[in-house]
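>>> let's see this in three dimensions:
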Amino acid sequence: MNLEILEYAPEENSQFPPILFIHGAFHGAWCWKENFLPYFSSKGFLSYALSLRGHGESEGLEALHSFSLQDYVEDVMEVMVLLKNKPILVGHSMGGAIVQKILQLHPDKIEGVILMASVPHNGMLKDSLKLSFTNFRESINLFLFSQGKRKKCPVNVFFSKDLPDEKKDEYVRLLQPESKKASGDLNRKIISKSISTKVPVLVLGSKKEWFFSEKTTLSIGEHYKTKPVFFPNMSHDMMLDPNWKTVADQIIKFLDESVFQSEEGEEK
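Here you go, the predicted model:
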């Protein structure tokens, strides 16, 4: 199956591991193209983003609802094979669930992990049920959109209220339904057991985002034995938020302090 892969290369040969960005449900590689891909490449990183099967410009839209979370894992692994060096994986939302599965199965194939507003390791059923009570109308509208029974996705689910209207309209037009099968998988345990790994993990969350509570993000950090970094007013789509650069710089800081420092230690 042909997958859309975006590549942004730095002006000079990179001495860093490549970064592979994995989008969440309803999205495609396009969500990284606006800010993160050009920014990270300008900082010297060979940067990639893929559209999972049935998303963006990748093949498979006609069979979207038959795809499982494991199918998406295989898509990412397929792209990883094409890279010359072990990548840093950045997963947003559902993409975070995919990254966690790869971390469990193939920790030797990755240099570092960043989980942005991620689905938790034990699945998002509790969060989904809570949203159905606290944000009933938008939850129903999102469900109908995913089923193809509503043309427009609810705007404030993903995007900041401070985002210019023209940008919101542009991004909303690019959103698409998500696989019924993969959506069901997200409500189950993502990983079957605790992971003991030397791979550095950064967990990023927001105290104001729509999908995942502060408590949920704290539980992810506890699972991976790391303290999450919270942004006070960040939307779910951190990479498209007006303050996206704050998130990007936090990731670079983490890579400098955790991933690259550990590599230097191993060389010594």
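>>> tell me how far the most centrally placed residue in the chain lies from Leu115.
Against the mean C-alpha coordinate of the chain, by CA atoms, centre = their mean, the closest residue is His92 at 1.4 Å. In this view, His92 and Leu115 are 8 Å apart by CB to CB, to the nearest Å. All C-beta atoms are positioned from the backbone trio N, CA, C, and that covers glycine.
>>> and the residue nearest to the centre of the chain, what are its bridge partners?
Counting by DSSP bridges, His92 forms beta bridges with Met116.
>>> number the residues from 37 up from this point.
With 37 as the first residue, the last one maps to His128.
>>> list the residues that contact it.
57-60, 63, 67, 152-154, 273-275 (CB atoms under 8 Å, 6 or more residues apart in numbering).
>>> tell me how far the longest helix anywhere in the chain is from the chain's mean position?
In the chain, assigned by DSSP state H, the helix with the most residues is helix 105-118. Averaging C-alpha positions (CA atoms, centre = their mean, to the nearest Å) puts helix 105-118 14 Å from its chain's average.
>>> show me what it is packed against.
The contact analysis (3 or more CB pairs under 8 Å, 6 or more residues apart in numbering; DSSP states H and E) places helix 105-118 against strand 55-58, strand 83-86, helix 130-141, helix 216-222.
>>> show me what the last one is packed up against.
Translated: helix 216-222. Applying 3+ CB pairs under 8 Å, 6+ apart, one finds that helix 216-222 contacts helix 105-118, helix 130-141.
>>> who are the packing partners of the shortest one?
With contacts defined as 3+ CB pairs under 8 Å, 6+ apart, the packing partners of helix 130-141 are strand 55-58, helix 105-118, strand 124-128, strand 148-152, helix 216-222.
>>> what's the closest of those to Phe169?
helix 216-222 (18.6 Å; CB to CB).
>>> so Lys79 versus Gln51, what's the distance?
12 Å.
>>> kindly apply the preceding question to Tyr207 instead.
The gap separating Tyr207 from Gln51 is 34 Å, by CB to CB.
>>> quick one on the thing from earlier: how about residues contacting the longest helix of the chain?
If you take CB under 8 Å, 6+ apart as the criterion, helix 105-118 is touched by 37, 39, 41, 56, 58, 84, 86, 88-89, 94, 123, 125, 130, 133-135, 137-138, 141-142, 145-146, 218, 221-222, 226.
>>> helices of the stretch 137-286 of the chain, start to end?
161-170, 172-182, 201-210, 216-222, 250-259, 280-290 (DSSP state H, counting those that start in this stretch).
>>> residues contacting His101?
Residues near His101 by CB under 8 Å, 6+ apart: 213, 215-217.
>>> and with 7 Å instead?
Residues in contact with His101 (CB atoms under 7 Å, 6 or more residues apart in numbering) are 215-217.
>>> of the residues you listed, closest to Glu174?
Nearest member of those to Glu174, counting by CB to CB, is Lys216, at 19.2 Å.
>>> report pLDDT for the closest residue to the closest one other than its chain neighbours.
Take Lys216 and drop its neighbours on the chain: the residue closest to it by CB to CB, 6 or more residues apart in numbering is His101, 4.4 Å away. Listed pLDDT for His101 reads 95.
>>> do the same with Ser249
So, for Ser249, pLDDT stands at 90.
>>> before we move on, what about Phe296?
Model confidence at Phe296, given as pLDDT, is 82.
>>> ditto for Phe172
According to the prediction, Phe172 has pLDDT 63.
>>> with Lys261 instead?
Listed pLDDT for Lys261 reads 92.
>>> burial of Gly80, as a residue count?
If you count neighbours by other CB atoms under 10 Å, Gly80 ends up with 15.
>>> tell me who's in contact with it.
By CB under 7 Å, 6+ apart, the contact list for Gly80 reads 46, 50, 52.
>>> could you measure from the closest residue to Asp198 other than its chain neighbours over to Ala284?
Nearest residue to Asp198, sequence neighbours excluded (CB to CB, 6+ apart): Pro278, at 5.1 Å. According to CB to CB, Pro278 and Ala284 sit 13 Å apart.
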